[in-house]
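J.: Sequence first, then the predicted structure, then my questions.
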Amino acid sequence: MGDVVQMHFTTPDYVIFALLLVASTCIGLFYALSGGRQRTTQEFLLADRSMSCLPVSLSLLATFQSAVAILGVPSEIYTYGTQYWFLGVSYFLGLLIPAHVFIPVFYRLRLTSAYEYLELRFNKTVRIMGTVTFIFQMVIYMGVVLYAPALALNAVTGFDLWGAVLAMGLVCTLYTTLGGLKAVIWTDVFQTIVMFAGQLAVIIVGAHQAGGMGQVWRKAINGSRIASLDLNPDPTERHTFWTLGVGGVFLMLALYGVNQAQVQRYLSSRTEREAVMSCYVVFPCQQVVLCLGCLMGLVMFARYGEDSPLDKGYVKTNDQMVLYFVMDVFRDLPGLPGLFVACLFSGALSTISSAFNSLATVTMEDLIRPYCPAMTEAKATLLSKGLAFAYGLVCLAMAYTASHMGSVLQAALSIFGMVGGPLLGLFCLGMFFPWANSTGAIVGLAAGLVMAFWIGIGNFVSRMAVPTTLPPIINGTAMPLPGNMTTLITLITAKPKPTGVQALYNLSYLWYSAHNSTTVVIVGLIVSLLTGPMKEKDLIPGTVFPVLGNLLFFLPEYYREILCCVTPLPHKPKAIDTHPYQMARKESNGVSHPKEEEKTEDTEREKDEDEETATPQPSCRLAHTLQETAL
């Protein structure tokens, strides 16, 4: 039984799948022909900063819940049990910190690209390095997230592989190019509803066929699939409470704190409060999504037990198991397989469209506009649309490349996951440590990337070198991705407890982000102190979050002034251009210095001086005031 068993779509399945693509295209056309008709970069890239809390939160969720997550989480639960569910513990801090730290900084600076912040805080070189790093990871990821679900669909149902890839890629490119961020967000809302419907349908029908949820739960307990709390602190253990609950926080921060695809949604909100609330709303939604994935995995186990379709040879990889299960469960229910495939491709569409839009934004704002200050708004908008379209074509090219990667596909996913940590470290270095300078930021980012690639490639090479004569022990791992963080790659290893450098190569993937971001911060701080730390007067106001004031409350005021930025973030702006850091950002598209601004903006400077004189408080109290007003 070595060949993959293929089942086939019926006419209702094709109709439902086609309706998804048509509906997504229609939403894009609607926003292309209504409102401001995407004639300005503000409307095209930031939806005119007019979005409300609910669509933004559902869009954040859809970007997180990609097709690879929909395929990966149930097969993870089926194979290894419910230990993965404890990742939900990390969602709390992983969303609370962005809501009260990153969003206030980004929103009050009135940014378009998250990497504009790096120029305001450091310099243009750091901004370009951050932008290029982000583009590199997203381009690799786009092809994989487009190709993987299409390959699984083709293997299980015989659905034309490149027909599915082209349909998804072209539809996504069309509505992203025509409708801008507003179309991306509203299609995400629609696609999120389809995702929920598809997963719920599978769970309800599958549980009914297995004899009800009570029977599913009993079989899961008897099969040792309900995991207990594993408090093993070993960082090389793949999934424990600490790796999932603590390491997962850094993974979430890399995604929800500083990833351009998510930051852009915060910045499209009408107010800072709505942006913060979108983080709070997405928290219970994520828990529901995680529970749905876990339940689907348990229902799969109730149906197949230890005798999995993979062991029988019905499918070739873990990723194909979920689709095989869906086609098996819905064998006599025409239309429902099409609904789940629509759910699967909704995940892919939402993630890819977010990638297109965010890539067009950073390319326009970070690599083109600073060098073409005289470009008219009409030309800038047209060029942004052209960039979104071009990245769509690049995505299709990367999908073709992914089809020829073979085992290198795992390496490509690993590389993507390793880049998020250093970028998180770079933003934390600038936001929390006022004495960090641009030299420290550059060297720190380089050190973080080198460390990430060293561990990642060392892990990959060491796995390839495992002798095939040893009895294999199945051990899965997952690489964190900007739109999902749960793509599952099954690895085969058979070796004793690793030590030394080998232990570093076996570090759990959930600690990658924490390890690499910490490397950036430590190296960046050391280099900054050796090359001359930045002074308070050299910082553009609003670029440092005064968290150290609270943490170091026990120090005398003199030392607090030396160690932490005593200038808090300004209160929420009542108008767009009322704060000096916003004026600084407008000078040469973000290239400015607070001292230059003081010469040209006397009234603003006097206002700041008056405020400083009126409230000479220690930094810790100012930080406390900021935290109270962050909501």
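T.: The structure has been received and is ready for your questions.

J.: what's near enough to touch Tyr84?
T.: Taking CB atoms under 8 Å, 6 or more residues apart in numbering as the criterion, Tyr84 is in contact with 73, 76-77, 239, 244, 294. All C-beta atoms are positioned from the backbone trio N, CA, C, and that covers glycine.

J.: er, Tyr78 I mean
T.: Tyr78 neighbours (CB under 8 Å, 6+ apart): 225, 297-298, 300-301, 304, 308, 321.

J.: Ramachandran coordinates for Ser269?
T.: With angles defined as degrees, to the nearest 10, Ser269 sits at phi -70, psi 150.

J.: Check the secondary structure at the residue nearest to it when sequence neighbours are not counted for me.
T.: Once flanking residues are discounted, Ser269 sits nearest to Ala275: 3.9 Å by CB to CB, 6 or more residues apart in numbering. Following DSSP: H, G, I helix; E, B strand; the rest coil, Ala275 is assigned to helix.

J.: Would you list the buried entries among the contacts of Tyr84?
T.: Buried residues within those, counting neighbours by 16 or more other CB atoms under 10 Å: 73, 76-77, 239, 244, 294.

J.: returning to what we had before: is it true that the residue nearest to Ser269 touches Tyr266?
T.: Yes - with contact defined as CB atoms under 8 Å, Ala275 counts as touching Tyr266 (4.3 Å).

J.: overlap in contacts of these two?
T.: Common neighbours of Ala275 and Tyr266, using CB under 8 Å, 6+ apart, are 56, 103, 107.

J.: among those residues, who's most crowded?
T.: Val56 (28 neighbours; other CB atoms under 10 Å).

J.: what's near enough to touch it?
T.: 185, 265-266, 268-269, 274-275, 278.

J.: Need the nearest residue in space to it, chain neighbours excluded.
T.: Val56 sits nearest to Ser278 (CB to CB, 6+ apart), 4.1 Å away.

J.: Same question for Leu21.
T.: Using CB to CB, 6+ apart and skipping residues adjacent in sequence, the residue nearest Leu21 is Val171, 4.8 Å away.

J.: Quick check, the one you found in contact with Ser24.
T.: Yes - in terms of CB under 8 Å, Val171 counts as a neighbour of Ser24; the distance is 5.9 Å.

J.: Who has more neighbours out of those two?
T.: Comparing Val171 with Ser24 by other CB under 10 Å, the one with more neighbours is Ser24, at 29 against 22.

J.: ok now do the more buried one, which residues does it touch?
T.: Ser24 sits in contact with 171-172, 175, 187, 190-191, 349, where contact means CB under 8 Å, 6+ apart.

J.: Next: Ser224.
T.: If you count contacts by CB under 8 Å, 6+ apart, then Ser224 has Gly81 around it.

J.: and it, that's in a strand?
T.: No - per three-state DSSP, Ser224 lies outside any strand segment and is coil.

J.: Now do the phi/psi pair for it.
T.: phi 60, psi 40.

J.: how near is it to Phe301?
T.: 10 Å (CB to CB, to the nearest Å).

J.: quick one, longest helix in this protein?
T.: helix 161-210 (DSSP state H).

J.: gap between it and the chain center?
T.: Between the centre of helix 161-210 and the centre of its host chain there is 18 Å, according to CA atoms, centre = their mean, to the nearest Å.

J.: Kindly report the same for stretch 360-371.
T.: Put simply, stretch 360-371 sits 21 Å off its chain's centre (CA atoms, centre = their mean).

J.: So what touches it?
T.: Against stretch 360-371 from outside (CB under 8 Å, 6+ apart): 41, 45, 112-116, 124, 127-128, 131, 134-135, 260, 264, 375, 380, 383-385, 387-388, 391, 588-591.

J.: Please enumerate the shared neighbours of Val171 and Ser24.
T.: With CB under 8 Å, 6+ apart as the test, Val171 and Ser24 both reach Leu349.

J.: Gly532: neighbouring residues, count only.
T.: Gly532, neighbours per other CB under 10 Å, totals 11.

J.: Likewise for Tyr324?
T.: The number of residues near Tyr324, taken as other CB under 10 Å, comes to 24.

J.: which ones are touching it?
T.: 5, 7, 156, 309, 314-315.

J.: Verify the stated contact: Leu54 with Cys285.
T.: No - when contacts are counted by CB under 8 Å, Leu54 is not listed as touching Cys285 (10.2 Å).

J.: Neighbour count: those two, which is higher?
T.: Cys285 (19 against 13).

J.: list the contacts for the closest residue to that one other than its chain neighbours?
T.: If the residues on either side of it in the chain are set aside, Cys285 comes closest to Leu61, at 4.8 Å by CB to CB, 6+ apart. By CB under 8 Å, 6+ apart, the residues touching Leu61 are 192, 282, 285-286, 289.

J.: Leaving out chain neighbours, which residue sits closest to Gly420?
T.: Ala254 (3.7 Å).

J.: Test my guess that the one you found contacts Leu423.
T.: Yes - counting by CB under 8 Å, Ala254 does reach Leu423; the two are 6.8 Å apart.

J.: Can you pull the residues that touch both of these two?
T.: Contacts common to Ala254 and Leu423, judged by CB under 8 Å, 6+ apart, are absent.

J.: that older thread, and the two most separated of the contacts of Leu61?
T.: Spanning the widest gap among those are Thr192 and Gln286, at 11.5 Å by CB to CB.

J.: more crowded one of the two?
T.: Thr192 (25 against 22).

J.: show me the contacts for that one.
T.: By CB under 8 Å, 6+ apart, the residues touching Thr192 are 58-59, 61-62, 65, 346, 350.

J.: do you know how far the residue lying closest to Leu267 once chain neighbours are set aside is from Thr439?
T.: Nearest non-adjacent residue to Leu267, counting by CB to CB, 6+ apart: Leu46, 5.7 Å away. Relative to Thr439, Leu46 is positioned 32 Å away (CB to CB).

J.: higher neighbour count, these two?
T.: Shown here are Leu46 and Thr439; by other CB under 10 Å, Leu46 has more neighbours (24 against 18).

J.: from what I can see the more buried one touches Lys182, true?
T.: No - with contact defined as CB under 8 Å, Leu46 does not reach Lys182; the gap is 9.2 Å.

J.: Okay, helices next: where are they in the stretch 351-500 of the chain?
T.: Using DSSP state H, counting those that start in this stretch, the helices of the stretch 351-500 of the chain run over 377-403, 408-432, 438-464.

J.: Throw the ones you listed into JSON lines and include mean pLDDT and distance to Leu33, thanks.
T.: Converted to JSON lines, the helices of the stretch 351-500 of the chain look like this (pLDDT from 0 to 100; distance: least, CB to CB, whole Å):
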{"stretch": "helix 377-403", "mean pLDDT": "85", "distance to Leu33": "14"}
{"stretch": "helix 408-432", "mean pLDDT": "77", "distance to Leu33": "36"}
{"stretch": "helix 438-464", "mean pLDDT": "86", "distance to Leu33": "43"}
